[in-house]
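In: Sharing a sequence plus its predicted fold:
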Amino acid sequence: MADTATTASAAAASAANTSTDAPPFQLGKPRFQQTSFYGRFRHFLDIIDPRTLFVTERRLREAVQLLEDYKHGTLRPGVTNEQLWSAQKIKQAILHPDTNEKIFMPFRMSGYIPFGTPIVVGLLLPNQTLASTVFWQWLNQSHNACVNYANRNATKPSPASKFIQGYLGAVISAVSIAVGLNVLVQKANKFTPATRLLVQRFVPFPAVGRLSCRRAPGCSSLYKALCAWQPSAWPCRWPSASSRRCQRSRRPS
């Protein structure tokens, strides 16, 4: 064990000497300092970097093998810190840390913005009908639920009924709030047509925002990833970029 640790330390020192821009590599640790806002900001940008969506299968295997070599002290000479950090970023963005299986692309944290943006645009479309309001709210909550499930803590299996209950509760609540507010706005006689249209544009915000802070069995993965901004706010399972897989601490209701 001591020999392996010594060899790994030597490999890290060798990598540090060949790379001056990147900080010394630490396996499973964040690349950027988490004691400052700027460090947490860059850490968060790393988590949601959509470029990792285009990593090939071959590049993924190379990244995983590079980290395995580092872990076992068999790192080849000339590997830089930048290469090690890049390999760790790729692995954490694509593979689930518990199951070691690939996360479906739309449900990765790096896919939250490119796959979530069209849904946000749909939520903000003007002159929506009842059917379109229900559809976009359902699609938004379904996407959030899938992201939550794909990035769940697999070391503590939860019954499927919990996820189904949380999903149904989120969909029903979001749809009820959005439809209810739309009806109230349409019945508000004091509003001019222009004011009514403007207010209707903001109807999705309370529906989505309310559910983001009250979704069972936990908050949406995007908000979980905010431990990159305030790591003390959430008990992260991993001390690194997988803060997106934090679990909300249980509090008495």
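Out: Here it is on my side, so go on. Residues are numbered from 1 along each chain as shown.
In: how about low-confidence regions in the stretch 1-150 of the chain?
Out: When residues are selected by pLDDT under 70, those of the stretch 1-150 of the chain lie in 1-20.
In: Show me the helices in it, by range?
Out: 2-17, 37-47, 57-71, 81-94, 112-123, 130-150 (DSSP state H, counting those that start in this stretch).
In: Just say which of those is most tucked in.
Out: helix 81-94 (a mean of 22; mean count of other CB atoms under 10 Å). The C-beta positions use only the backbone N, C-alpha and C, and glycine is treated the same way.
In: Work out which residue lies at the spatial centre of this structure.
Out: Most central in the chain under CA atoms, centre = their mean is Met109, positioned 3.5 Å from the mean C-alpha point.
In: Give me the distance between Leu125 and Val79.
Out: Going from Leu125 to Val79 by CB to CB, to the nearest Å gives 49 Å.
In: swap in Ala63?
Out: According to CB to CB, Ala63 stands 12 Å off from Val79.
In: ditto for Leu130
Out: Leu130 is 58 Å from Val79, by CB to CB.
In: how deep is Gly73 tucked in, by neighbour count?
Out: For Gly73, the neighbour count with other CB atoms under 10 Å is 16.
In: Could you tell me how far stretch 68-86 lies from the centre of the chain?
Out: 26 Å (CA atoms, centre = their mean, to the nearest Å).
In: Kindly spell out which helices and strands sit in contact with the helix or strand where Phe163 lies.
Out: Here Phe163 sits within helix 160-187, counting by DSSP states H and E. Counting contacts by 3 or more CB pairs under 8 Å, 6 or more residues apart in numbering; DSSP states H and E, helix 160-187 packs against helix 130-150, helix 193-201, helix 204-212.
In: Make JSON lines out of those helices and add distance to Phe44.
Out: Shown next, in JSON lines, are those (distance: least, CB to CB, whole Å):
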{"stretch": "helix 130-150", "distance to Phe44": "16"}
{"stretch": "helix 193-201", "distance to Phe44": "28"}
{"stretch": "helix 204-212", "distance to Phe44": "16"}
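In: For Ser176, find the nearest of the ones you listed.
Out: helix 204-212 (8.3 Å; CB to CB).
In: could you give the mean pLDDT of that closest one?
Out: In this model, helix 204-212 carries a mean pLDDT of 63.
In: before we move on, back to that, could you save the helices of the stretch 1-150 of the chain as a markdown table and add columns showing distance to Gly28?
Out: Output for these, formatted as a markdown table (distance: least, CB to CB, whole Å):
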| stretch | distance to Gly28 |
| --- | --- |
| helix 2-17 | 12 |
| helix 37-47 | 14 |
| helix 57-71 | 9 |
| helix 81-94 | 8 |
| helix 112-123 | 22 |
| helix 130-150 | 21 |
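In: right, so of those, which gets closest to Ile164?
Out: Proximity to Ile164 (CB to CB) singles out helix 130-150 among those, at 9.2 Å.
In: Taking helix 160-187 as reference, get the angle to the closest one.
Out: Put simply, helix 130-150 runs at 150 degrees to helix 160-187, going by axes from the mean of the first three to the mean of the last three CA atoms, to 10 degrees.
In: Output helix 130-150 as CSV - backbone C-alpha positions only.
Out: Provided in CSV are the C-alpha atoms of helix 130-150 (Å, rounded to 0.1, in the frame of the first residue of the first chain):
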residue,chain,number,x,y,z
LEU,A,130,-54.5,24.9,-21.9
ALA,A,131,-53.1,21.9,-23.7
SER,A,132,-49.8,23.6,-24.5
THR,A,133,-49.4,24.8,-20.9
VAL,A,134,-50.0,21.3,-19.6
PHE,A,135,-47.6,19.8,-22.2
TRP,A,136,-44.7,22.1,-21.4
GLN,A,137,-45.0,21.8,-17.7
TRP,A,138,-45.2,18.0,-18.0
LEU,A,139,-42.2,17.9,-20.2
ASN,A,140,-40.2,20.2,-17.9
GLN,A,141,-40.9,18.1,-14.8
SER,A,142,-40.3,14.9,-16.7
HIS,A,143,-36.9,16.1,-17.8
ASN,A,144,-36.1,17.1,-14.2
ALA,A,145,-37.2,13.8,-12.9
CYS,A,146,-35.1,11.9,-15.4
VAL,A,147,-32.0,14.0,-14.6
ASN,A,148,-32.6,13.4,-10.9
TYR,A,149,-32.9,9.6,-11.4
ALA,A,150,-29.9,9.3,-13.8
